[in-house]
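Engineer: when you get a sec, could you give me coordinates for this:
(2 chains)
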Number of protein chains: 2
Amino acid sequence: MNYQKFRTIKPEIRVLGVDDGVFTPRTKGLVPVVGVVFRGGYWLDGVIHTKIQIDGLDATNKIASMILNSPHYKQLRVTMLNGVTFAGFNVVDIKKLHDKTKLPIIVITREKPDFEKIRAALKNLPKSEERWNAIKNAGKIIEIPIRGSKNEKIYMQTCGILEEDAVKIVHSTSTRSNIPEALRVAHIIASGISITEPQ
Amino acid sequence: MNYQKFRTIKPEIRVLGVDDGVFTPRTKGLVPVVGVVFRGGYWLDGVIHTKIQIDGLDATNKIASMILNSPHYKQLRVTMLNGVTFAGFNVVDIKKLHDKTKLPIIVITREKPDFEKIRAALKNLPKSEERWNAIKNAGKIIEIPIRGSKNEKIYMQTCGILEEDAVKIVHSTSTRSNIPEALRVAHIIASGISITEPQ
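Structural biologist: The predicted structure follows:
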C-alpha cells in the first residue's frame, strides 16, 4: 500500500465528497451518485455524477471512472465517501478505488458500521462474498472525536493516507456540521435531484 | 404590483438560485432545472429540482410548483433566476412567477439581453407572442456595477422588489464571484447532473 503523505494540509485543499441519491430499496433501477468538488470546507468548485444499479456490483468502477473522467481530477487530493454501501448494497471497494484513481480515500459514517447486520443482509444477494470482501477492504474503523465535543464521535475508514493526515483533513473541512462540507453538500444535492415532484 | 420591502437585508437571508442544465439545442426532450437554497452567500441549505421541455411553455409553472412544493418555501425571501430563457426559449414570465409564489424575483445576466435577437429567434417557435410577452414582462434592464470594479457590470431585472433592495441582496450574496453564490452554484449543479459519462 502506498500512503500519500501530506507535508501540510492546505486550507484550500481540493476534496471530492461522494454520496448517492434516494431510491426505493429492493427495487431495480439506477440511482444517481453525485461527486462534489470542494475547495477546503468553503467553496463548491464542481459537481460530477454517475448512475449505479440498486444492489448492483458497479459502484467501484462507476465512481472510479466518474473521478478519472472529471476535469477536476488533477486538482483533487482526496476522495471522501459517505459510507461504502451505495444504492443499497452496491459496495465500494476502497482498495480498488484507491488503486484505480491513485487518490487517498476517506470513508465517513455518523454511526459505527454494524458488520453482523451487513453480513446477514448480504446473504440474500448474489456474489455476497465479493461484497463482503469489499466491506472488509474498507479496513479498521477509527473513531474521530467531533471538534469541540467530548462525547460525540464520527467514524472513519481510510485507504492510502496516514490516519493523522486523514483526521486533520476531516476536521479542517468540517466547517458547517460534524462532517466534511463536501459530504454534507453531496448528500443534499444527491437527495435533491433524485426526488422529482409529480409531473 | 406589490413590492416586498426589506427593512434590513440580513446576511443570512435565504435566497433561491435557479438555473437549467445542458442540452442539445433544437432537439426534443426534458432539461433539468435546479434550485439551490443558500443562506446568504455562504451556506448551501438545500437543492430542489424539476424538469422542463426544450423550447416548451412550461418553465413558469414548473418552477413555481417546484418552489411551492419545497420544504424550504417558508424560509425563502427571494428567487433569483439566471436569465428568463430556460431550456432554449422556454421563457419564465416573472410577473406570473411572482404572482404564484408571492416571492420577489431577481433576474441576473452577465450580458445585456439582446431583444432584437431574441424576438427574431422566437418567430420560429409556436406561440411566439406568448413567449415575447413573457420576455417583456421581465421589465426594465438595470445595470449593476460589480463591487470593487469601475467598468464591469452585470444586468438585473426584477419583480416585486424595490431596485435598491435588490441591488443590496445581489451584492451581499455575491461572495465568490460577480454573481450571487446561489446562482453560481445552481449553474455548477445543473451542468454537473446533466452530463453523464457514457454508460
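
Engineer: which stretches of chain A have low pLDDT?
Structural biologist: By pLDDT under 70, the low-scoring segments of chain A are A:1, A:195-199.

Engineer: which parts of it are helices?
Structural biologist: Ranges of helices in chain A, per DSSP state H, are A:59-68, A:94-101, A:115-122, A:128-137, A:163-173, A:181-194.

Engineer: report the contact partners of the spatially most central residue of chain A.
Structural biologist: Residue closest to the mean C-alpha point of chain A, counted by C-alpha atoms, centre = their mean, is A:Leu81 at 0.7 Å. Shown in contact with A:Leu81 (C-beta atoms under 8 Å, 6 or more residues apart in numbering or on different chains): A:18-19, A:92, A:94, A:105-108. C-beta: built from backbone N, CA, C; applies to glycine.

Engineer: please redo it, this time with the cut-off set to 7 Å
Structural biologist: By C-beta atoms under 7 Å, 6 or more residues apart in numbering or on different chains, the residues touching A:Leu81 are A:18, A:92, A:105, A:107.

Engineer: equivalent analysis for A:Asp20, please.
Structural biologist: Listed by C-beta under 7 Å, 6+ apart, the contact set of A:Asp20 reads A:31, A:33, A:86-87, A:190.

Engineer: tally of neighbours for the closest residue to it other than its chain neighbours?
Structural biologist: Spatially, and ignoring its direct neighbours in sequence, A:Asp20 is nearest to A:Phe86 (4.5 Å; C-beta to C-beta, 6 or more residues apart in numbering or on different chains). Residue neighbour count, defined by other C-beta atoms under 10 Å in any protein chain shown, stands at 28 for A:Phe86.

Engineer: A:Phe86 and chain B, how far apart?
Structural biologist: 16 Å (C-beta to the nearest C-beta, to the nearest Å).

Engineer: ok, that residue touching A:Val92?
Structural biologist: Yes. Counting by C-beta atoms under 7 Å, A:Phe86 does reach A:Val92; the two are 6.1 Å apart.

Engineer: chain B contacts on chain A?
Structural biologist: For chain A, the residues in contact with chain B (C-beta under 7 Å from any C-beta of the partner chain) are A:43-44, A:46-51, A:65-66, A:69, A:176, A:185, A:188-189, A:192-193, A:196-197.

Engineer: just the buried members of those?
Structural biologist: Burial by neighbour count, judged by 16 or more other C-beta atoms under 10 Å in any protein chain shown, picks out A:43-44, A:46-51, A:65-66, A:176, A:185, A:188-189, A:192-193 from the residues of chain A next to chain B.

Engineer: report the two of those separated the most.
Structural biologist: Spatial extent of those (C-beta to C-beta) is set by the pair A:Ser65 and A:Arg176 at 29.6 Å.

Engineer: A:Met70: what's its closest spatial neighbour, skipping adjacent residues?
Structural biologist: Let me fix one detail, which is that residue A:70 is Ser and not Met. The spatial neighbour of A:Ser70 that comes closest, neighbours along the chain excluded (C-beta to C-beta, 6+ apart), is A:Ile48 at 4.8 Å.
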